[in-house]
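Enquirer: for reference, the sequence and a predicted model appear below.
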Amino acid sequence: MATMTTLSELTGDYVLDTDRTRIGFVARHSMATRVCGRFDEFEGSAYLDGDDPSKSSARLTIQARSIQTRNRQRDDKLRGAFLDVDDHPAFTFSSTTVQVLGDSGFKVTGDLTIRGVTRPVTVDFELTGAEHDPQGDFRVAFTGSITINRNDWGVNWNAATRIMVSPKVTLEFDVAAIRQGS
């Protein structure tokens, strides 16, 4: 994707292109290994105001049951003991402020809810592209990440996992969105 030259060209309402968006995570296990995974089911939308980015907003809902680490036993343990997906089926994020950083950077602050616990977080994003696709739709792409402490949201199983699994989890976003009515 080619990057636009002005932010004002980005103004509009967007929906996530779930086929081209990846939401993943990385956590350390036993100090020597990393566990990487992703979420396969999510939806989101955003309003981008290129003339006044502080008026921009975003929301995201991730289905917790869609967690995938390529290990069925671990995925079942994450869905049950860690995430309690029966009682807390989704994670949500709703932005409260958006700030521009330089030519293509953004700080998006908002409320992240996991397991019924809501805490403020700030995600750093970079605009990586914007263009019209062959079908005439206008698309934007962003990458971003944030490292959270899973214990702040009660994502833990027992005393052993507090020692064996790092509390720090990096959430990774590789986002593609389509402007509505473009």
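Expert: Okay, I see it.
Enquirer: if the most centrally placed residue in the chain is in a bridge, with which residues?
Expert: Centroid check for the chain by Cα atoms, centre = their mean gives F173 as the closest residue, at 4.8 Å. F173 has these beta-bridge partners by DSSP bridges: I23, G144.
Enquirer: tell me the confidence at it?
Expert: With respect to pLDDT, F173 scores 98.
Enquirer: and the one 3 residues further on, by the same measure?
Expert: On the pLDDT scale, A176 is placed at 97.
Enquirer: wait, it sits on T21?
Expert: Yes. The criterion here is Cβ atoms under 8 Å, and A176 meets it with T21 at 5.3 Å. C-betas here are computed from N, CA, C, even on glycine.
Enquirer: ok, L48 to Q99 distance?
Expert: Computed as Cβ to Cβ, to the nearest Å, the L48 to Q99 distance reads 13 Å.
Enquirer: neighbour count winner among the two?
Expert: L48 (24 against 13; other Cβ atoms under 10 Å).
Enquirer: so the more buried one makes contact with E9?
Expert: No. Under the criterion of Cβ under 8 Å, L48 makes no contact with E9, lying 9.9 Å away.
Enquirer: dump the residue contacts of I146.
Expert: When contacts are counted by Cβ atoms under 8 Å, 6 or more residues apart in numbering, I146 touches V121, T122, V123, D124, T170, L171.
Enquirer: which of these are buried? Put it as a ChimeraX command.
Expert: A single ChimeraX command selects the buried members of these (16 or more other Cβ atoms under 10 Å):
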select :121,123,171
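Enquirer: F91: which of the contacts of I146 is nearest?
Expert: For F91, the nearest member of the contacts of I146 is L171. The distance, counting by Cβ to Cβ, is 9.5 Å.
Enquirer: surely that closest one meets I148?
Expert: Yes. The criterion here is Cβ under 8 Å, and L171 meets it with I148 at 6.6 Å.
Enquirer: for stretch 17-37, output the C-alpha coordinates as CSV.
Expert: Only the C-alpha atoms of stretch 17-37 are listed here, as CSV (Å, rounded to 0.1, in the frame of the first residue of the first chain):
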residue,chain,number,x,y,z
ASP,A,17,-11.0,-6.0,7.0
THR,A,18,-10.9,-9.2,9.1
ASP,A,19,-9.4,-11.2,6.2
ARG,A,20,-6.3,-8.9,6.1
THR,A,21,-6.0,-8.0,9.8
ARG,A,22,-3.9,-10.0,12.3
ILE,A,23,-4.3,-9.7,16.1
GLY,A,24,-1.6,-11.6,17.9
PHE,A,25,0.3,-11.9,21.1
VAL,A,26,3.6,-13.1,22.5
ALA,A,27,4.3,-14.3,26.0
ARG,A,28,7.4,-15.7,27.7
HIS,A,29,7.2,-19.2,29.2
SER,A,30,9.9,-20.5,31.5
MET,A,31,12.2,-17.7,30.7
ALA,A,32,13.7,-19.5,27.7
THR,A,33,10.8,-19.8,25.3
ARG,A,34,8.1,-17.7,23.8
VAL,A,35,4.5,-18.6,23.1
CYS,A,36,3.1,-16.9,20.1
GLY,A,37,-0.6,-16.9,19.2
